[in-house]
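Engineer: Need the 3D shape of this:
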Amino acid sequence: MERQKTNFWWPDVSTIDGAKKASMNGVWAAVFTAVVTALVASWALGAQAAAFGYITAWAFLDAILFSVIALGIYKESRFAAVAGLSLFVIEKIDQFSHGPKTSGIIMAIVLTLCYLAAIRGTYALRRLRAAPSMQPAV
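Structural biologist: This is a model prediction of the structure:
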């Protein structure tokens, strides 16, 4: 049996297993985003000043949102997958408007691809589960 190559950057979503793996990329991206955001918000809270010049303790709200998004994507919610990408892109645009233009661009691209994979995975899961079963009638 020949083992099929997998592409992390653009996963195959033609099977239920592939679509689940693709959607998990978004789960891990949202968890990573929530943890990093919470750490920076903690830093801002401890320093009683804005971290990096613009991140305050209010960023804990973002951490909570990304935690809820991670749970939603884990439960295969298409809305959560789209919300994750949308919120992430909006926050990156805001971040790049306040700070160095190239700082963190590689990580932003990687996480954006993970959120896109989650969208593809959750939509594919919906489509694959709605398709008629290919099992023979008994």
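
Engineer: can you tell me how far L85 sits from T56?
Structural biologist: Remark: distance between L85 and T56 (Cβ to Cβ, to the nearest Å) = 24 Å. (Glycine included, C-beta is placed from N, CA and C.)

Engineer: in the longest helix anywhere in the chain, what counts as buried?
Structural biologist: In the chain, with assignment by DSSP state H, the single longest helix is helix 16-47. Of all the residues in helix 16-47, those buried under the rule 16 or more other Cβ atoms under 10 Å are 18-27, 29-34, 37-38, 40-41, 44.

Engineer: so where's the protein shaky on pLDDT?
Structural biologist: 1-6, 8-9, 99-102, 132-138 (pLDDT under 70).

Engineer: Please repeat the previous calculation with a cut-off of 80.
Structural biologist: Low-confidence segments of the chain, defined by pLDDT under 80: 1-9, 50-55, 98-103, 131-138.

Engineer: Please, where are all the helices along it?
Structural biologist: Going by DSSP H, the chain shows helices at 16-47, 59-74, 78-98, 105-130.

Engineer: now these in JSON lines, with distance to W10?
Structural biologist: Shown next, in JSON lines, are the helices of the chain (distance: least, Cβ to Cβ, whole Å):
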{"stretch": "helix 16-47", "distance to W10": "9"}
{"stretch": "helix 59-74", "distance to W10": "18"}
{"stretch": "helix 78-98", "distance to W10": "15"}
{"stretch": "helix 105-130", "distance to W10": "7"}
